[in-house]
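*Asks:* Provide a 3D model corresponding to the input given below.
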Amino acid sequence: MTRFINLTMKPFFIALLILTGTMSASAQSQTEYHGLWWNEDRSGIVELVATESGIEGITRWGKKPDTDRNNPDPELRNRSLKGITFLWGFSYDAKKNRWKGGKVYDPNNGKTYDAKLSLAKGGTILKMRGYIGVSLFGRTAEFERVAADELPVSFGVE
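*Replies:* Purely as a prediction, here's the structure:
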């Protein structure tokens, strides 16, 4: 009887181990995106943070104070770009280790685009693809992960 239980339980435990490993790898992959990232010309820092619904991108620092002057809503044109959420609405695709189905707000023109996020170069580069309708028709921006010793002196100062 004991031998029968061991033989029938073995596949169950193997499946449980595989499932647990996959779930923890998936969770770990999702958190690889979190943290601080330089924009393309290193004039600003954005932060990717976990939310109840997935992940969001928030502006945290800029070389010069700037306002959201191109926002289509006239009432928001005087707000600071620091602290605004410009990436939202993503869902995680564990098979491809990327975030998809999200939106990106471009303060340079006041427009919002569909977007997806992926990592490159061992997680040191974040690729954000903004597009209209089909990702073929879009542009990819690359963000470099901020190292702790690279934070500007004025980072976090109001």
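*Asks:* where are the low-confidence patches of this structure?
*Replies:* Applying pLDDT under 70 to the chain flags residues 1-28, 157-158.
*Asks:* Tell me where it has strands.
*Replies:* 35-38, 44-50, 55-62, 85-88, 91-93, 98-106, 111-120, 125-131, 138-145 (DSSP state E).
*Asks:* Partner strands of the last one, with direction?
*Replies:* Strands adjacent to strand 138-145 in the sheet, as given by DSSP bridges, are strand 35-38 (antiparallel), strand 125-131 (antiparallel).
*Asks:* what do you get for the shortest one?
*Replies:* For strand 91-93, the pairing partners within the sheet under DSSP bridges are strand 98-106 (antiparallel).
*Asks:* just the longest one next, same as before
*Replies:* Note on strand 111-120: by DSSP bridges, its sheet partners are strand 98-106 (antiparallel), strand 125-131 (antiparallel).
*Asks:* starting at the chain centroid, how far to the last one?
*Replies:* It stands for strand 125-131. 9 Å (CA atoms, centre = their mean, to the nearest Å).
*Asks:* Just want the angle from it to strand 55-62.
*Replies:* Angle, strand 125-131 to strand 55-62, by axes from the mean of the first three to the mean of the last three CA atoms, to 10 degrees: 110 degrees.
*Asks:* buried set for strand 125-131?
*Replies:* For strand 125-131, a neighbour-count test (16 or more other CB atoms under 10 Å) marks 126, 128-131 as buried. In this view, the C-beta of every residue, glycine as well, is placed from N, C-alpha and C.
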